[in-house]
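K.L.:
Below are the sequence and a predicted model for it; my questions follow.
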Amino acid sequence: MNHRYTPPPTALGILLLFLILFGLSSCLPSIMATSDFDRGANFQTYRTFSIIEPEAAGTNANPTAYEPLLDRRVRDAVAAELVKKGLSPDAESPDLLVAYDVAVAPAPNSPDTGSYSAWYGYRYTYRSTAFPSIRTIDAYPVGTLVIDLIDPGTNELVWRGAAEGEIDAGLTEESKIRRSIAAILAQYPPGR
């Protein structure tokens, strides 16, 4: 049998390998996500969810900005992440309702051309009394994805996560959508 001697890795070799791996991982920009939650909510009781159908009413958003493929990809990615966390879809009697919004630029002829607007989402018909300083979607930069979790029994917001400026409604790159949603929902449930 002919064996070749392989010397053990040197410290310099290990450092070089680490630098190469670190360099490759930095090619993908990190997505900064934030979240807030109702300190009085018992997140252990939430086992099922249902994603609310989005609405596109009552906004000054550019109507051409609505992208059905983006909507489908966001909904699928949110559901997949929640399932990974042990929650089950339940359209009949969910423990949590899931809403999302994407901040898009207002329509070109809108009087609010200096501000941003929401296009997707649940239109905030739920209450947010546990969040006294909650930001409305128009307070976020264009491209921000906001995910809200609502207790259907109380119609109260219990958790909100956001990734600012990550989504372009016209470019529905699935990998970026999935990474943004994974970064947001990595912070759910709170206190892990």
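P.N.:
Cool, got the structure. Residues are numbered from 1 along each chain as shown.

K.L.:
since we're on Gln32, how many residues are nearby?
P.N.:
Let me fix one detail, which is that residue 32 is Met and not Gln. Residues within reach of Met32, counting by other Cβ atoms under 10 Å, total 12. From N, CA and C alone the C-beta is placed, and that goes for glycine too.

K.L.:
before we move on, what about Ser88?
P.N.:
By other Cβ under 10 Å, the residues close to Ser88 number 11.

K.L.:
next structured bit after the helix ranked longest in the chain?
P.N.:
Taking residue count as the measure and DSSP state H as the definition, the longest helix of the chain comes out as helix 68-84. The element immediately downstream of helix 68-84 (helix or strand, assigned by DSSP states H and E) is strand 88-89.

K.L.:
Partner strands of whichever helix or strand comes after that following strand and their direction?
P.N.:
Toward the C-terminus, strand 88-89 is succeeded by strand 96-104 as the next helix or strand (DSSP H and E). When pairing is defined by DSSP bridges, strand 96-104 lines up against strand 48-51 (parallel), strand 117-118 (antiparallel), strand 145-151 (antiparallel).

K.L.:
Please identify which helix or strand holds the nearest residue to Ile184 once chain neighbours are set aside.
P.N.:
Residue nearest to Ile184 in three dimensions, not counting chain neighbours: Gly161, with 3.8 Å by Cβ to Cβ, 6 or more residues apart in numbering. Assignment of secondary structure by DSSP H and E places Gly161 within strand 156-163.

K.L.:
How about Val142?
P.N.:
Element membership of Val142 [criterion: DSSP H and E] is none; it lies in no helix or strand.

K.L.:
helices and strands of this structure: which one has the lowest mean pLDDT?
P.N.:
Ranking every helix and strand in the chain by mean pLDDT, DSSP states H and E puts strand 117-118 at the bottom, with a mean of 46.
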